[in-house]
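*Asks:* kindly return the folded structure for what I paste below:
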Amino acid sequence: MSRVSKSEQCSLFYMYFFILKGVKKVSRKKRKKREGIFEQIEGTTMNENQKTVLKEFLEEEKTMGRREQWLRNLKSRIPKLYAFLNKNGITINQLGLKEAQEYQGFLIATGRKDGRKYPNRTILTYIVAATSFCEYLKRKGLLYTNPFKEIRKIRGEKTVLKDLLKEKEMNHFLAELSHFEKQNGLKNKITQYKVHVIAELMYATGVRISEVAALTADDIDFGRGTVAIREGKQGKSRIAFLNEYTCGILRIYVEKMRSLVFNEWNLRNSRLLFGVKRQWLEKVVNKTLNKTAKEAGYRKLTSHRLRHALGYHLLRAGCNIRHIQQILGHKRLKNTEVYTKVEKEDLKKVLDTFHPRKWKRGKNEETGFKETGHAV
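*Replies:* Residues are numbered from 1 along each chain as shown. This is a model prediction of the structure:
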């Protein structure tokens, strides 16, 4: 589709008129307080010295220009290390290779508060945080070596792409998502409208939800059809490209709708394109995507699966895998190669099409009679 459809323009003007009628702003939900993370973790209280060391570490990381997501991960994961040390009566300067290996076992055994086990990838994020923290302690002279650099790390699960929507299914899903005017209540209409814009942006460019959350209006160049990703994974920056259809949707949002759909909550983060930080944006987007997917008769759908779907569809269309790597912002080609692991359904179609003993329906050229099938 080359431009914004008439039905979508009508939907936008409907919302525009509806808001101008003077409807009340959407009220803010109470935010869960996160200040207590230093005081208590898993029932183990951190002493004043431990709090001070952790705060100084976070302050140093912040002065080094670390991303907010990285700082938040450290803030939530390092107290778990202190919980393990305090439980076993170990001081930080007694932390060695044996204790570091046992900490990984502690993460595997304890898991989440609700009793569920941590995925291997989550455990690895705790180990990465502990490794960074111990490097800081080593620089400060509180540790002689960094034991987490020497341990045998648990292996992360291999990414297996299952049940991705095919191209026609994705087009149908996005079309269903665009009918935000069918939702009951202004709040639900606005929420689905924003998610509709975000979904089109993510499927067009392959950007991550964390990258979407960090965008500002200045990052979009409508003349060139580009989006500047300034806070990508591991702090990497890149340029994403918009197709004409998505560029039109995004232009309407930025120039006409954004100021109208922002509520009191969004105004606190008015610099951001969608007015909310990653934690809340990801939660709302995934909830709306799942709801719409279920109503359309599809499987579970998340924001990250939109990104996977783009890579998968580009590969199926014959796009060079190196180009897909650049589009998705993968550092290593092996991360992109996951899309080459096609489903059994695709393999069966390939065999049916290209196998030398494939079956062909139609008239027999020698006899002139119809046959149900014969090997070529």
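
*Asks:* show the pLDDT at Arg230.
*Replies:* For Arg230, the pLDDT comes out at 81.

*Asks:* my bad, Gly368
*Replies:* 50.

*Asks:* what packs against the one helix or strand Ile127 maps to?
*Replies:* Element membership of Ile127 [criterion: DSSP states H and E] is helix 120-139. In terms of contacts (3 or more C-beta pairs under 8 Å, 6 or more residues apart in numbering; DSSP states H and E), helix 120-139 is packed against helix 48-63, helix 68-87, helix 97-110. C-beta: built from backbone N, CA, C; applies to glycine.

*Asks:* is it possible to export these to CSV including mean pLDDT and distance to His308?
*Replies:* Compiled in CSV, the helices and strands packed on helix 120-139 are given as follows (pLDDT from 0 to 100; distance: least, C-beta to C-beta, whole Å):
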stretch, mean pLDDT, distance to His308
helix 48-63, 91, 31
helix 68-87, 89, 20
helix 97-110, 92, 27
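
*Asks:* about what we covered before: report the buried residues of the helix holding Ile127.
*Replies:* Using 16 or more other C-beta atoms under 10 Å as the test for burial, helix 120-139 gives 123-134, 136-137.

*Asks:* same question for stretch 274-288.
*Replies:* For stretch 274-288, by 16+ other C-beta under 10 Å, it's 274-278, 280-282, 284-286, 288.

*Asks:* looking at those, which are in strands?
*Replies:* For the buried residues of stretch 274-288, not one is inside strands, with DSSP state E as the criterion.

*Asks:* separation between Gln326 and Val207?
*Replies:* The spacing between Gln326 and Val207, counted by C-beta to C-beta, to the nearest Å, is 13 Å.

*Asks:* higher neighbour count, the two?
*Replies:* Between Gln326 and Val207, Val207 has the larger neighbour count (other C-beta atoms under 10 Å), namely 27 against 13.

*Asks:* was I right about that one contacting Leu242?
*Replies:* No: using C-beta atoms under 8 Å, Val207 is not in contact with Leu242; the gap is 10.5 Å.

*Asks:* common neighbours of these two, please.
*Replies:* 201, 227 (C-beta atoms under 8 Å, 6 or more residues apart in numbering).

*Asks:* residue ranges with poor pLDDT in the stretch 201-350 of the chain?
*Replies:* The model of the stretch 201-350 of the chain has pLDDT under 70 over residues 231-235, 342-350.
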